[in-house]
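Colleague: give me the fold of what follows.
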Amino acid sequence: MLDWPSLTLPDLFNLSFTLRSDEPALEWDRTYTFGEIDARASRMAHALAARGVTAGDRLCVYLSNSIFYIDLFLAATRLGVIFVPVNILYRDREIRHILDDAEPVAIVSDEANRTHLPEGAPLWPLEELAREAEAQPVTRKVSVTDGDAPAALVYTSGTTGVSKGAIVTHNAFAVNALNLVSCWRINSADRLLLTLPLFHVHGLGNGLHCWLLSGCRMRLIERFDHARAAEWMLDFEPTLFFGVPTMYVRLLDVEEGAARRIGERMRLFVSGSAPLPAQVLEAFRNLYGHTILERYGMSETLMNISNPYVGERRPGSVGIPLPGVSVRNLDPDGNPVKDGETGELYVRGSNVFAGYWRRPEATEAAFRDGWFRTGDLAVREADGYYTLQGRASELILSGGFNIYPREIEEFLVEQSGVAEAAVAGVPDALRGEVPVAWVVARGEVDRDALESACRRNLASFKIPRAFVVVEKLPRNALGKVQKHLLPEWKRER
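Modeller: Next comes the predicted model:
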């Protein structure tokens, strides 16, 4: 049987690098052309290869958004190196788990961030790597020819509490980008303002890839800042913006006249990573004159379902399945549920990941008859629109980030004075949900000390908003904690 080469990300992105080489591509510290971005990627690929990196190796990257992040990602895709983005909010404990699991050749970080790396991490300072790249040739160095080859390991809490590396292939990324560019009418005339973090598939697989495939002009921002968002939009005049609900809530604070001017130049606002409240969609439409397009995806599957670009963008709904993505809504026994009834979403398509890194049991459990179990509950209307009803598991979605309570619970019971702990999400107007911890004391519990320990060891979005001391945790006959029976937490005003 012949092993034919197939389209990979370097082939797909080459459409812009070759056909639009002299045209503006990226605004960072200055404006770069697609040809310059191409050359930087080539130099970085040679620099990595000179350090002995080869196809199949893993390379962790722990950086904020920057042009160097793009250099490293593009270089990895060309060499067949598996790119491992690490959440910049992660700290020692979380980073150590990824390093132990992925076993990368190195983790690249800069002076501003590497103080958070665990002792003994295989660090490659970005500053040194960037200097080495400057001296390398600009000849293309492409080693990957198989679309089924892994392009990235995206670590996600998933539904088990243990952070797992989802193997996302070149094909999955390519199909996702092709779908979005086609369905959302993204083209070279667009101007993309990208403030999403590139360590997340929303910023990487949607933002970065749609930019490179379409050949549009992009301004990359290190991180979203609601105080400056209107300034950026008025200056850059974007036609395209990808955001999470928290960002859109913040954008409602923009002065009406400025919001109208932004809306006049904008073509499409897209929201994802967490449910968008219907009232936010309506308020945003009144202020900016645009109906936000909400879609639904996961780290393991990239984009699955989207409201249409042309047609009804239904408040509260994530829309209809994208081309090539098959969706089923099933009951716990695996039988289809009727329209209007709640079931669990299952998906199948080229967008679905290849499995969890070195976790065959978890991979097997994640699929049923070839269909990926999303763990999300939804209702399908008779006209094909899907509305999410929450998680089948206890995953907390906070400001676009996934938080699995078990990880926080295990950390809390390691602390002095804590016998048991239960963490659950509570509604929050800005972030959708925030974690709150209920703890059973062993002697005296110092809430301030618990919070300080969490801040030292956990990402900021995982820190419980409050620590509620209780005599015991409610459990069923089998000993499982019944979180819906936890005492109500009353927010301090």
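Colleague: how about low-confidence regions in the chain?
Modeller: 1-6, 157-162, 476-480, 492-493 (pLDDT under 70).
Colleague: all strands of the stretch 151-300 of the chain, in order?
Modeller: 164-169, 191-194, 217-220, 240-243, 268-271, 293-298 (DSSP state E, counting those that start in this stretch).
Colleague: kindly export the first one (C-alpha atoms) in PDB.
Modeller: What follows is the C-alpha trace of strand 164-169 in PDB, where atoms were taken according to Å, rounded to 0.1, in the frame of the first residue of the first chain:
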ATOM      1  CA  LYS A 164      -4.700  15.300  29.400                       C
ATOM      2  CA  GLY A 165      -3.000  16.200  26.200                       C
ATOM      3  CA  ALA A 166      -5.400  16.200  23.300                       C
ATOM      4  CA  ILE A 167      -3.600  15.200  20.100                       C
ATOM      5  CA  VAL A 168      -4.700  17.600  17.400                       C
ATOM      6  CA  THR A 169      -3.600  16.700  13.900                       C
END
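Colleague: possible to save the strands of the stretch 151-300 of the chain as TSV with mean neighbour count and distance to Arg91?
Modeller: (Each C-beta comes from the backbone N, C-alpha and C, glycine too.) Below are the strands of the stretch 151-300 of the chain laid out as TSV (neighbours: other CB atoms under 10 Å; distance: least, CB to CB, whole Å):
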stretch	mean neighbour count	distance to Arg91
strand 164-169	24	19
strand 191-194	23	25
strand 217-220	22	25
strand 240-243	26	26
strand 268-271	22	28
strand 293-298	24	24
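Colleague: how far away is the spatially most central residue of the chain from Gly343?
Modeller: In the chain, the centroid-proximal residue (CA atoms, centre = their mean) is His200; its distance is 2.9 Å. His200 sits 27 Å away from Gly343, going by CB to CB, to the nearest Å.
Colleague: likewise for Ser299?
Modeller: 22 Å.
Colleague: swap in Pro474?
Modeller: Using CB to CB, Pro474 is found at 28 Å from Gly343.
Colleague: same question for Ala55.
Modeller: Ala55 is 41 Å from Gly343, by CB to CB.
Colleague: dump stretch 291-308 to CSV, restricted to CA.
Modeller: Extracted as CSV, the C-alpha positions of stretch 291-308 are listed here (Å, rounded to 0.1, in the frame of the first residue of the first chain):
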residue,chain,number,x,y,z
THR,A,291,-25.6,40.5,16.2
ILE,A,292,-22.7,38.4,17.7
LEU,A,293,-22.3,35.1,16.0
GLU,A,294,-22.1,32.4,18.7
ARG,A,295,-20.5,29.0,18.0
TYR,A,296,-19.5,25.9,19.9
GLY,A,297,-16.3,24.0,20.0
MET,A,298,-13.9,22.1,22.3
SER,A,299,-10.1,21.6,22.6
GLU,A,300,-10.6,18.0,21.4
THR,A,301,-12.7,18.9,18.4
LEU,A,302,-12.1,22.5,17.5
MET,A,303,-15.3,24.0,16.0
ASN,A,304,-18.4,21.8,15.8
ILE,A,305,-21.5,24.0,15.5
SER,A,306,-22.1,27.6,14.5
ASN,A,307,-24.8,30.1,14.0
PRO,A,308,-25.0,31.0,10.3
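Colleague: show me how far it is from its chain's centre.
Modeller: 12 Å (CA atoms, centre = their mean, to the nearest Å).
Colleague: just stretch 20-35 next, same as before
Modeller: That offset, for stretch 20-35, works out to 25 Å (CA atoms, centre = their mean).
Colleague: mark out where each domain of the protein begins and ends.
Modeller: Per automatic domain parsing, the domain ranges recorded for the chain read 9-379, 396-485.
Colleague: nearest to Gln389, out of those domains?
Modeller: Taking CB to CB, domain 9-379 is the member of the domains of the chain nearest to Gln389, at 4.1 Å.
Colleague: rewinding a little: Pro474 and Gly343: which has the busier surroundings?
Modeller: Remark: of Pro474 and Gly343, Gly343 carries more neighbours, 21 against 15, as counted by other CB atoms under 10 Å.
Colleague: look up which helix or strand that one falls in, please.
Modeller: According to DSSP states H and E, Gly343 maps onto strand 342-348.
Colleague: look at the residue located most distally from the centre of the chain and give its secondary structure.
Modeller: Computed with CA atoms, centre = their mean, the residue of the chain farthest from its C-alpha average is Gly443, at 40.1 Å. Here Gly443 is recorded as coil under DSSP: H, G, I helix; E, B strand; the rest coil.
Colleague: ignoring the adjacent residues along the chain, who's closest to it?
Modeller: Gly417 (5.4 Å; CB to CB, 6 or more residues apart in numbering).
Colleague: my guess is that neighbour meets Val440, correct?
Modeller: No. In this structure, Gly417 is not within contact of Val440 by CB atoms under 8 Å, at 10.0 Å.
Colleague: roughly how far does the nearest residue to Thr246 once chain neighbours are set aside sit from Glu36?
Modeller: Among residues not flanking Thr246 along the chain, Gly399 sits closest, at 4.3 Å (CB to CB, 6+ apart). Look at Gly399 and Glu36: by CB to CB, they are 34 Å apart.
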